[in-house]
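> Predicted structure and sequence below. I'll ask about it afterward.
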Amino acid sequence: MVATKHEASSTFLVACDKAQASQNEIRTALESNDEEAKVDAMQKAITAILAGEQLPALFITIVRYVLPSENHMVQKLLLLYLETIEKTDASGKLLPEMILICQNLRNNLQHPNEYIRGVTLRFLCRIHEEELLEPLVPSVIANLEHRHSYVRKNAVLALAAIFRLPKGELLVPDAPDLVERMLQNEQDLSTRRNAFVMLAEHAQDKAVAYLFSQVDRVADWGDILQIAVLDLIRKVCRAHPEQKGKYIKIILALLQSRSTAVMYECAVTLVQLSSAPTAVRAAANCFCQLLVSHSDNNVKLIVLDRLQELKDRHRDVMRELLMDMLRALAAPNLDIRKKALDIALDLVDARNIDEVVGVLKKEAMKTQSRELEKGAEYRQLLVQAIHSCAVRFPDVAASVLHLLCDFLSDTNTASALDVIYFIREIIQTNPRLHDTIIERLMDTFPSIRATRVASCALWIISEYCTRSAEEIATAVEMIKTCLGPLPLFKEREEGEGGEEEAPTSLPIPIQMAAARPAVLADGSYATQTALPGGEAAAAGGAAAAAAANVPNLRALLLGGDFFLGAVIAATLTKLVLRLRSLRGLPPAHLNRLTADVMAQIAGVLRLGESSGALAAGCPPLDADSRDRMAACLRALAGVDEGLEHAWLQGCRDAFAQLIADKQQREAAEAKQEKAKAVAQPDELIDFHHLKMRKGLSKVEVEDSVASDLARATGLADAAAAASNRLNKIVQLTGFSDPIYAEAYVTVHQYDIVLDVNVINRTNETMQNVSLELATMGDLKLVERPQAYTLAPGAQQSIRANIKVSSTETGAIFGNLVYESTGYADRSVVVLNDIHIDIMDYIVPATCPDVQFRSMWAEFEWENKVAVNTAITEPLAFLDHIIASTNMRCLTPPSALEGDCGFLAANLYARSVFGEDALVNVSVEKLPDGRLGGYLRIRSKTQGIALSLGDKLILKQKGA
């Protein structure tokens, strides 16, 4: 719909679903003596005019019957009516009939009732016709001294609006002086705020002079006036950066305000103006205080964003406030806790690690209370945070080990998995805790009810239980106890009753296992067996087994988990082989133990092949698990000689190499982060103590030094920013079009700003030049840009804001519509489409391999793209994809080394909206030298999968 001139100048909108009344009905109601009927008729008239109706015949009726009314509601509606109607003709001159209302407005400005005066003054703020305002100026000035504050504050607004007009300085040449004199004696807060804002806009020197004359009392002013002061400070410092030192002291004083809005604005302004450590510390203290005192979760998330920005720029200062920041963990919202932990973990160092871990331990103990909302998810966040701290600072691992081991039996499998992975890494990297971990793990193991946790725990016991024969024998007995007596399942025989069968038959209901594909680390698929109902069903089965006092391993095996059976067999085999290598037991005792272990493995095999178990609903034994257990039996029987090293040392060496690669990769990333240039070789050295102080305060001296450093190092950044701006300019029209237009596209997190520069290429004046936009995808135009008039050769910048709701490639279409002299119809210039790139929304991110595989199995949208590229080397192709898609490669470099002609890697990125993007690259070198394979993209939403797939199709060809 084309915007009309009337819509462009409308100051308010009224929605109405009812049928509009006719002009005669409205006239009849206005001519009546009933005030309620007049109110209803005026409302209908205003609604009709706003809807586009033209009711010129009503004006005289309103002048005759509505102007004389003393009803306040009627008078207010009269002013709204005067706002909506056209007050000028086609040539822009004031209509003659408008003179009829001028006297009425003057009378209202002198009315004994302050409400009538106030609403009339507010009405004048939205009037732009100088001929109508000129005779009213003396009355407006007289209202500056009215006894009631409601009149005075609206009089200041009206005077500021008149002075803002193109000929305002001719209408009220002494407006700033009048407002300044009024401000000196005014006591009402709203009036003072309006007067101060007027001076800040139109007489900045007078506003500054008033501010410094009252500088000692600024801290006692009201919040709305203090925010106006901060706006003035930002304007002055932007125009005169050299003067910001004296304003910083005012901002520091305002930080003590009782208003949270003022505190936040002060902190933001302080960070914008100064990089001095004292100023940054004060701002960060203010943010931390808001984080604790404010109850609104949205405010806390915004404050955490500000703290994140401070952390990136002033890391050393933020480390001092780390403990204050951790007080945000008291908030019940999980998003706030997660963001606070992410910021805090980046600031942990050797000086504060003990305090941080102490806080995390207290919070972890609180999660054991069932009253805590989302306690399991919060506990998982805390376990991951403690894991990160313990890996970076091994000395604290001992203090958290016993607490974390209590979570191994957690019903939340994800939290228990994080704990067991932490233990697995710590026992490899911290040999001093070896004995403590093994002892604690064997004490806790019987209470573990999750398959994956039990599998990892068994692997740890098999690889690190190596110190003595007694320790290994204890581990074997513990596993046998968790399996229970043999047989695991007793076949039903004729004549036997249920009483005899009870001890060895199925103690809990067997659930049918469901198979689904899972992605392995190399990108290939495997079959994954899971109980129906997922985590809830597993937790329910574990609870039932615990209630029936069934050993944990036995319960899991009877549930059909034969992969765990293969892990148990391998664990027992390794423990027996270690006993043989230690030669710590007599041969007879060792042979008896070996036979006992072989019987346990045979019992698991018998359970998997039992017809009775199959009839009871237990799934059959899979071939992989059968082969694994058969290999264990051969190793115990001594058939496979020479494989002891593979059993006893190979797995541990592989895991040690994995940990070493991870540490090496993290060290390289940290070194790369530290290698960022903070100073140039030829930079001027600033000696802080030799700087002339001239009576300056500590904050002013620090700010001066910080400004000098920024000036010395900021030139390269400015040049880079200017070149980036040029890359984002999109040409919208051709050079031969009557209007030339180009747009600069700025993509923020949740919105897109289009700055469209429009140039009139003709020799005629263009009127009502308006930009009409339409969007495709999850883009929404916030507001319609207003219309402009362009002289020949003139240019105008038009800004449009577009909201973004998801990560999806979108397009913006548009037209430029204008009216030119000599043409009856409006002319239209079609603009070039603007395509919004998905790369502006996604950023490289990292996640553990376990989380990647979990998301890969969970996400339902997959886009499969065939490899079609001119690149001939797999590794070069992977590097090209990473550079083109702005994603991070999760596969370690050591796994990509070598030249085997095949490559599989996982890539990961996260959008600004929190959406995950997963990509698996699987390519091989074909006999003809070309690359073949597929790129598989998975995400939770369809938009990101399709958009990223389109991007890969365009970018994969390379050079």
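Nice, I can see it. Residues are numbered from 1 along each chain as shown.
> pLDDT weak spots in the stretch 301-450 of the chain?
Within the stretch 301-450 of the chain, the segments meeting pLDDT under 70 span 369-373.
> redo that, cut-off 80
Along the stretch 301-450 of the chain, segments meeting pLDDT under 80 span 368-376, 409-415.
> the helices in it, which residues?
Counting by DSSP state H, counting those that start in this stretch, the segments of the stretch 301-450 of the chain that form helices are 315-319, 322-325, 334-347, 353-366, 375-392, 397-405, 413-429, 434-444.
> what's in contact with the shortest one?
So the one you mean is helix 322-325. 285, 288, 291-292, 307, 318, 340, 343-344, 347-348, 352, 355-356, 359 (Cβ atoms under 8 Å, 6 or more residues apart in numbering). Yep, even glycine has a C-beta here, placed from its N, CA and C like the rest.
> again, only using 10 Å
284-285, 287-289, 291-292, 304, 307, 311, 318, 340-341, 343-349, 351-352, 355-356, 358-359 (Cβ atoms under 10 Å, 6 or more residues apart in numbering).
> now swap in the first one and tell me
Contact with helix 315-319 is made by 275-284, 288, 307-308, 310-312, 325, 343-344, 346-349, 351-352, as judged by Cβ under 10 Å, 6+ apart.
> Phi first, then psi, for Leu773.
phi -120, psi 150 (degrees, to the nearest 10).
> Tell me how many other residues surround it.
18 (other Cβ atoms under 10 Å).
> Spatially nearest residue to it (excluding sequence neighbours)?
Gly814 (4.3 Å; Cβ to Cβ, 6 or more residues apart in numbering).
> One more: Arg888?
Closest to Arg888 by Cβ to Cβ, 6+ apart is Pro844, at 3.8 Å.
> Quick one: residues contacting that neighbour.
Pro844 touches 882, 885-889, 907-910, counting by Cβ under 10 Å, 6+ apart.
> partners of it in the sheet?
Note on Pro844: beta-bridge partners by DSSP bridges are Ala909.
> From Ala909, how far off is it?
Using Cβ to Cβ, to the nearest Å, Pro844 is found at 6 Å from Ala909.
> Identify the contacts common to these two.
In contact with both Pro844 and Ala909: 885-888, using Cβ under 10 Å, 6+ apart.
> For the host helix or strand of Arg634, the averaged confidence score.
Using DSSP states H and E, the element containing Arg634 is helix 623-637. For helix 623-637, mean pLDDT is 87.
> what's next to that helix, contact-wise?
526-527, 529, 561-574, 576-577, 580, 594-595, 597-598, 601-602, 604-605, 608-609, 620-622, 639-641, 643-644, 646-647.
> residues in contact with the closest residue to His314 other than its chain neighbours?
Excluding the flanking residues, the one nearest His314 by Cβ to Cβ, 6+ apart is Val280, at 4.7 Å. Val280 sits next to 267, 270-271, 274, 310, 313-314, 316-318, 321, 702, 706 when contact means Cβ under 10 Å, 6+ apart.
> pLDDT at Val280, what is it?
87.
> cool, Arg936 as well?
91.
> same question, Asp751
pLDDT, Asp751: 76.
> need the contact list for the closest residue to Gln110 other than its chain neighbours.
Once flanking residues are discounted, Gln110 sits nearest to Ser139: 6.1 Å by Cβ to Cβ, 6+ apart. Ser139 makes contact with 105-110, 117, 120-121, 124, 155, 158, according to Cβ under 10 Å, 6+ apart.
> Kindly report the same for Lys338.
304, 377-378, 381, 384-385.
> Which one (most neighbours) among these?
Of all the contacts of Lys338, Ala385 has the most neighbours under the rule other Cβ under 10 Å, reaching 25 neighbours.
> from what I can see it touches Leu345, true?
Yes - using Cβ atoms under 10 Å, Ala385 and Leu345 qualify as a contacting pair, with a distance of 5.9 Å.
> Mutual contacts of those two, please.
356, 360.
> sorry, back to before: by pLDDT, rank the contacts of Pro844 and give me the bottom one.
For the contacts of Pro844, the model is least confident at Asn886; its pLDDT is 80.
> Confirm Ile937 sits in a strand?
Yes - Ile937 forms part of a strand when assessed by DSSP: H, G, I helix; E, B strand; the rest coil.
> Look up how far Leu907 lies from the residue nearest to Arg888.
Counting by Cβ to Cβ - Pro844 and Leu907 are separated by 9 Å.
> any shared contact partners between the two?
By Cβ under 10 Å, 6+ apart, the residues touching both Pro844 and Leu907 are 882, 885-889.
> Which one of those is nearest to Val400?
Arg888 (28.7 Å; Cβ to Cβ).
> Next up, the contacts around Ala905.
With Cβ under 10 Å, 6+ apart, Ala905 has these contacts: 521-523, 874-875, 878, 881-882, 889-892, 895-896, 919-923.
> Quick one: buried ones out of these?
523, 874-875, 878, 881-882, 889-892, 919-923 (16 or more other Cβ atoms under 10 Å).
> Single out whichever of the residues you listed has the smallest pLDDT.
Lowest in pLDDT among those is Gly523, which has 51.
> Buried among the contacts of helix 322-325? Make that a PyMOL selection.
Restricted to buried positions by 16+ other Cβ under 10 Å, the PyMOL selection for those reads:
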select buried, resi 284+287+288+289+291+304+307+311+318+340+341+343+344+345+347+348+352+356+359
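> if we can go back for a sec, could I get the helices of the stretch 301-450 of the chain as JSON lines with distance to Ala857?
Shown next, in JSON lines, are these (distance: least, Cβ to Cβ, whole Å):
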{"stretch": "helix 315-319", "distance to Ala857": "38"}
{"stretch": "helix 322-325", "distance to Ala857": "35"}
{"stretch": "helix 334-347", "distance to Ala857": "23"}
{"stretch": "helix 353-366", "distance to Ala857": "28"}
{"stretch": "helix 375-392", "distance to Ala857": "18"}
{"stretch": "helix 397-405", "distance to Ala857": "26"}
{"stretch": "helix 413-429", "distance to Ala857": "14"}
{"stretch": "helix 434-444", "distance to Ala857": "28"}
